[in-house]
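**Q** Fold the following and give me the result.
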Amino acid sequence: MTLQLDTIVNPFTRGLLDACSAASQPYEPELDVQEIDTGFFIRDRERPIAYIHRRWFLLDAFEFSPFTSLGRDTTISPFYDMGTYINMHATLFCNIQGNHGWPTVGCDIDWQVDGHQISIDIKAQYQTGDRTHNTLTIGYDEFTGQYLYRLHQRVRQPHLKRQEFCNLYPKDMGNGMPEDKKWQYTLWTGPDGNLWKMPHNPAFAMCMRALDPERDKSIAPQGWLGFGVEDDFNLCAVFEHASTSLLSATCDMWFDEHLSFVQPTMEYMVDRDASEAEVVFRLINAPASFMQRAIADARQVPVSDKEVLEHGGPAFIPGLVNDLESPMDPNEPQAGGVWQMINPKPVHLVLEDQTRRALGKLDPALFVTWADDCGHSGSRSIKLRSLPDRIVYLGATGHGFHTKPDTTYRFDGWIKTGGASARLWLARTWYTSAVTHGEAVSPDVRPNSDWTHVSVEIDSQEYPYLICRLAVEGDGYAWFDDLRFDRVRA
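**A** Numbering: from 1, shown residues only. Next up is the predicted model:
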């Protein structure tokens, strides 16, 4: 499907495109593909401009202009995963069985390279009966003066359901370290005719959990969704065409956006046994001046009672003592992590996998609570309860803090116990908290101990994330207060 930008009438999208058109000028790229062990560099006149990973088929576009450079380090990690290692990623597989899972039945990939344009056609089949046909086109767009990165995603489903077609993430957007965090807002055009913004705040960082539709974003026809604001790079997805309504949901870790078709209705049935949906969108680097104006003009999403309830303590900000006395303000952009879901309704509780296994069918809300009458430096702490022969964990910041290579980090705090022993826990990971690569544990605080200071250190080695956890073991309780996570030395 080939569409022209002059067919787009949404005023917010026209404003974005017109802002980009200031860089308009003619240019003829000379594109080729350089294959390496882990994937493929897309090059223009021998200059790498984008990368596609061989295994997960993630598009990482790190140059948007033939005339200037973003100056990104193009070193590729052999463990490339959901955290992009150059500039950004957009998934080229639809999320049938995971954000970047390889198709279970078969996958045909066809490359077409003619010098001025490259297209990658991906046809995939899955054991569920789903079939997808996705096409990535890379070239040059004279109107915007930028490289063209256009995705045409098509899904055929045997069962009517909401379906994610792309995960979109610019590098370091979800970095919990305040000095390294990039972008403060996600912006999008709503079908209500408004431009909306959502601050990047731990209060909004659990929106992909089950039964949480109130945190979805509805995207206007021919609208856009993007991130702002940085001086050199502000990624936006401009939706040229969609056969059905579109939603997006913020991830529970990095503020990345999961772009989805709504559940199709009867009009989208084909052959009496399946439904089809398609979308065409392009990736654009929005000028900083435009994004600054957009943030100033956009309406801010309201904060629900649930956000207030679930985040009764301050954000867990590296380098600062987390004294747990005052709640965070969900209305303001803020880096850092969050102690996961204390005192919410049980259906919304998100706990570590180990804790789910330890508690079984027991109500987790009885085991992870705020203690308003017991604190080390003040009157408030986190209270964990455990059972005989079990360990209950509570994790911070979703999956883990971003780290620097070969750097030592320390996690310390104060623990009080009643009948159980307790400790602090640090572990290295590539992506998921379910798989760790070396861990360090503080000394145990013995049962029935008054407030005791403990700490644990670990070297990050080459791993990009560290996970902080509180742990209590045995039949009893433990209270945790004045917690701190920080870099110690390189």
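
**Q** all contacts plus neighbour counts: C-alpha atoms, from now on.
**A** OK.

**Q** got any ranges where the chain has weak pLDDT?
**A** 1-5, 78-84, 99-100, 203-214, 252-253, 305-312, 340-366, 397-400, 431-434 (pLDDT under 70).

**Q** got the residue ranges for the helices in the stretch 51-200 of the chain?
**A** Remark: no helices are assigned in the stretch 51-200 of the chain by DSSP state H, counting those that start in this stretch.

**Q** phi, psi of the closest residue in space to residue 242 that isn't next to it in sequence?
**A** Residue nearest to residue 242 in three dimensions, not counting chain neighbours: residue 279, with 4.2 Å by Cα to Cα, 6 or more residues apart in numbering. Here is the backbone geometry of residue 279 (degrees, to the nearest 10): phi -150, psi 150.

**Q** do residue 459 as well
**A** phi -90, psi 130.

**Q** Show me what it bridges to in the sheet.
**A** residue 408 (DSSP bridges).

**Q** who touches it in this structure?
**A** Taking Cα atoms under 8 Å, 6 or more residues apart in numbering as the criterion, residue 459 is in contact with 406-409.

**Q** Count the neighbours of the residue nearest to residue 242 for me.
**A** 22 (other Cα atoms under 10 Å).

**Q** And residue 69, by the same measure?
**A** Residue 69: 12 neighbours (other Cα under 10 Å).

**Q** ok, it touching residue 49?
**A** No. Assessed by Cα atoms under 8 Å, residue 69 is found out of contact with residue 49, at 9.1 Å.

**Q** List the residues that are in contact with both of the two.
**A** What both residue 69 and residue 49 touch, as defined by Cα under 8 Å, 6+ apart, is the set residue 63.

**Q** related to what we said a few turns ago, who wins for neighbours among the contacts of residue 459?
**A** residue 409 (20 neighbours).

**Q** Under a three-state scheme, what state does the nearest residue to that residue once chain neighbours are set aside occupy?
**A** Here the nearest residue to residue 409 in space, its sequence neighbours aside, is residue 487; by Cα to Cα, 6+ apart that works out to 4.5 Å. Secondary structure for residue 487, judged by DSSP: H, G, I helix; E, B strand; the rest coil, is strand.

**Q** Pretty sure the residue nearest to residue 242 sits against residue 241.
**A** Yes. Here residue 279 reaches residue 241: they are 5.6 Å apart, a contact under Cα under 8 Å.

**Q** which residues touch the residue nearest to residue 409?
**A** Per Cα under 8 Å, 6+ apart, neighbours of residue 487: 319, 407-410.

**Q** And the furthest pair within the residues you listed?
**A** Farthest apart among these by Cα to Cα are 319 and 407. That separation is 14.7 Å.

**Q** For residue 475, give its distance to residue 457.
**A** Counting by Cα to Cα, to the nearest Å, the gap from residue 475 to residue 457 is 27 Å.

**Q** out of these two, which sits in the busier spot?
**A** residue 457 (21 against 17).

**Q** That one and residue 407 touch, don't they?
**A** No. When contacts are counted by Cα under 8 Å, residue 457 is not listed as touching residue 407 (10.3 Å).

**Q** what comes into contact with stretch 172-191?
**A** So stretch 172-191 is in contact with 12, 195-200, 217-221, 223-230, 253-256, 294-295, 298, 317-318, 333-337, 397, 401-402, going by Cα under 8 Å, 6+ apart.

**Q** what do you get if the cut-off is 7 Å, keeping everything else the same?
**A** 12, 195-200, 218-221, 223-230, 253-255, 318, 333, 335-337, 401-402 (Cα atoms under 7 Å, 6 or more residues apart in numbering).

**Q** Could you count how many residues lie near residue 486?
**A** 17.

**Q** Look up the closest residue to residue 44, ignoring the ones flanking it.
**A** residue 31 is the one closest to residue 44 (Cα to Cα, 6+ apart), at 4.5 Å.
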